[in-house]
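# 3D, please:
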Amino acid sequence: VDTNYPYSFRGALKLMRTVLALVAFFFFLHSQSRGAYTALAAMEMIITALFFLLYLLKLDKKLSWLFWPLADVFNSVIAALFLLIVCLFAVIIKTNNGTLAGGVFGLTLCVLCIVDAVLVFRKIRFDRSTGGNTAAK
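Here you go, the predicted structure:
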């Protein structure tokens, strides 16, 4: 178990994403919104929590058959696109205050997804550029 991960910036960002998705889910659920709003928030909460557990338990090192940081970037980018579209509809349509609040929390979650994708992508590029594959002179 990596006990420092929850206190790192990336770990805290994953926790904030999970909490914001949970809050948006409850707002959409309470307002009896359409299924797409609720399903997207629930899926984002579950997937982000699973990535958090993956890094917390260091399973990304043990399950080396997949390049997990790249999967994390794809998850964040796709989630940001879906959240942008669905939550903009929720804010524009705003059938009630719960849908509006869920949409606002969802748009905030979209920003956090973009920040997370950029941070992980920069880490991938930085790790790649400092690799040990240097040619002998």
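
# now A21. Nearest residue, chain neighbours left out?
M45 (3.7 Å; CB to CB, 6 or more residues apart in numbering). Placement of C-beta: from N, CA and C, glycine included.

# against which helices or strands is the helix or strand where that neighbour lies packed?
Using DSSP states H and E, M45 sits in helix 35-56. With contacts defined as 3 or more CB pairs under 8 Å, 6 or more residues apart in numbering; DSSP states H and E, helix 35-56 has these neighbours: helix 9-30, helix 68-93, helix 97-129.

# out of the ones you listed, which comes closest to L56?
helix 9-30 (7.4 Å; CB to CB).

# give the buried residues for that closest one.
Buried positions in helix 9-30, judged by neighbour count with 16 or more other CB atoms under 10 Å: 10-11, 13-14, 16-18, 20-28.

# show me the contact partners of it.
The contact list for helix 9-30, computed with CB atoms under 8 Å, 6 or more residues apart in numbering, reads 4-6, 37-38, 41-42, 44-45, 48-49, 51-52, 55-56, 87, 90, 98-99, 101-103, 105-106, 108-109, 112-113, 115-116, 119-120.
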